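[1] Okay, here's the prediction I keep looking at, along with the sequence it came from:
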Amino acid sequence: MQVERRVGTRGSRDKTRMIEFHCKNCGQTLSVSDTHAGKRAKCPKCNNRVSIPEAQASGAATDQDDTEPVTKASPYNLTLLDVSQQVKAQNQPAEQPVLDETAYEQLRRLQGSLVTYRSDQIPQRRLPWIIDIFLYPISKPGLITLGLIIGVRLFIKFLGLTLTFAALGFAPLLIVATFVVIVGYPIRVILWLYFYWYFCECIRESAAGQLRAPETIGNVPGLGEMLSRLLRTLVCLIIFFGPVLIRFQYNRATDMVFWILLSYALFLFPVALLAVVMFDSLRGLHPFLLIGSIFSTFFQYCGLVLFIAAGVFVLLSVPITREALISRFILRCVCIYTSLVAAHLLGRFYWRYQEKLNWEV
């Protein structure tokens, strides 16, 4: 690829050595003067940053006399600072490329708003939905997450109790037992933060049409991201359940106003949580957005709320005493498991009625 170059004021002629190379991103052949060797430039076709190689001793550089006419100039000559609009239009892709899962995740982190990944192959349920939804956490990543949350917490508690009893016969072990207990608290807090982050990921993946708990090993979140998601949910809880707690603390009884406020909180909280998770922002708490979403899917949303409320009522009605340690542990495991099922229900609700919700703003 050759271009002409004129230098001097008296018509003197000079020969320019050109460097030809390829863009590593799109493969486009580029041509540049050897005076720019070693510098970095932007590919006019894909806008990827490329490094200009050094001039080769043979084969890579060509000379052209000033008097030889140039038949056709390459639109990708990096010595030409301006690329015509016609050339830019010719090199624009006809269609936007379909995002894969990795690109979707990067876009979602940068976008900070409602972005959902649509796979070309949406899995189908093999069992009736009323049965299949309870099998949602039963996948390899889902079981690993449940084992991590439940197993690590149980191991720390068991180790602390064992060392405490052993310290009765060997006093120095009491120091080790105290250290395990102190270190165990922040570890459990981090595990619960991770579990809630995974809960939100289950909502997002279910909203994209998935039927089983997602794989997140290659997408480990930072502490700041986990905290931000938890804080947004705490804001939702305060907005909807704060008036219920204030009324109960003020009256010390459950009257008609208490039950009205509780019904309001239970009815609005699921759609508010879904909106905050999908938008990844508190913008999802906009009143007009929530009210419009409920009215557009009123009967379907009422069914979702009744289904979730029935599950919560069943779990709360189980009689558990402080002395029944095994029963409390089993109930805690069931609550963790069913919370992932609830996340799946919220995500599938969005996936099924997203056109009526019209959240893509």
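    Nice, thanks for sending it over. Numbering: from 1, shown residues only.

[2] residues touching residue 274, list them.
    203, 284, 346, 347, 349, 350 (Cβ atoms under 8 Å, 6 or more residues apart in numbering). For glycine as for every other residue, the C-beta is placed from the backbone atoms N, C-alpha and C.

[3] neighbour-wise, which of the residues you listed leads?
    Highest neighbour count within these: residue 347, with 26 neighbours (other Cβ atoms under 10 Å).

[4] Report the secondary structure element holding it.
    Element membership for residue 347, per DSSP states H and E: helix 325-357.

[5] And that helix, how far out from the chain middle?
    Its chain's C-alpha centre and that of helix 325-357 lie 18 Å apart, by Cα atoms, centre = their mean, to the nearest Å.

[6] Show me which of the contacts of residue 274 has the smallest pLDDT value.
    Among the contacts of residue 274, residue 284 carries the weakest pLDDT, at 88.

[7] Now do the contacts for the residue nearest to it when sequence neighbours are not counted.
    Take residue 284 and drop its neighbours on the chain: the residue closest to it by Cβ to Cβ, 6 or more residues apart in numbering is residue 275, 3.1 Å away. By Cβ under 8 Å, 6+ apart, the residues touching residue 275 are 284, 285, 289, 290, 293, 359.

[8] What residues of stretch 149-166 count as buried?
    In terms of neighbour count (16 or more other Cβ atoms under 10 Å), stretch 149-166 has its buried residues at 149, 150, 153, 156, 157, 160, 163, 164.

[9] can you name the two of these that are farthest apart?
    Spatial extent of the buried residues of stretch 149-166 (Cβ to Cβ) is set by the pair 149 and 164 at 23.5 Å.

[10] Spell out, range by range, the strands that occur in this protein.
    Using DSSP state E, the strands of the chain run over residues 18-22, 29-33, 40-42, 49-51.

[11] can I get the ones you listed in CSV with mean neighbour count and mean pLDDT?
    What follows is those, written out as CSV (neighbours: other Cβ atoms under 10 Å; pLDDT from 0 to 100):
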stretch, mean neighbour count, mean pLDDT
strand 18-22, 18, 81
strand 29-33, 18, 80
strand 40-42, 12, 73
strand 49-51, 14, 77
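
[12] so which of those comes closest to residue 255?
    Nearest of the strands of the chain (Cβ to Cβ): strand 49-51, 66.6 Å.

[13] strand partners of that closest one, parallel vs antiparallel please.
    Here strand 49-51 has these sheet partners by DSSP bridges: strand 40-42 (antiparallel).

[14] Distance from the chain centre to the strand it pairs with, please.
    31 Å.

[15] Determine the longest helix present in this structure.
    helix 173-207 (DSSP state H).

[16] name the helices or strands packed onto that one?
    helix 140-166, helix 223-251, helix 256-279, helix 325-357 (3 or more Cβ pairs under 8 Å, 6 or more residues apart in numbering; DSSP states H and E).

[17] ranking those helices by mean pLDDT, which is last?
    Among the helices and strands packed on helix 173-207, helix 140-166 carries the lowest mean pLDDT (a mean of 87).

[18] what is the orientation angle of it with helix 173-207?
    160 degrees (axes from the mean of the first three to the mean of the last three Cα atoms, to 10 degrees).

[19] I figured residue 296 was touching residue 357, is that so?
    Yes. Contact criterion Cβ atoms under 8 Å: residue 296 and residue 357 qualify, at 6.5 Å.

[20] Compare these two (neighbour count), which wins?
    Between residue 296 and residue 357, residue 357 has the larger neighbour count (other Cβ under 10 Å), namely 21 against 14.
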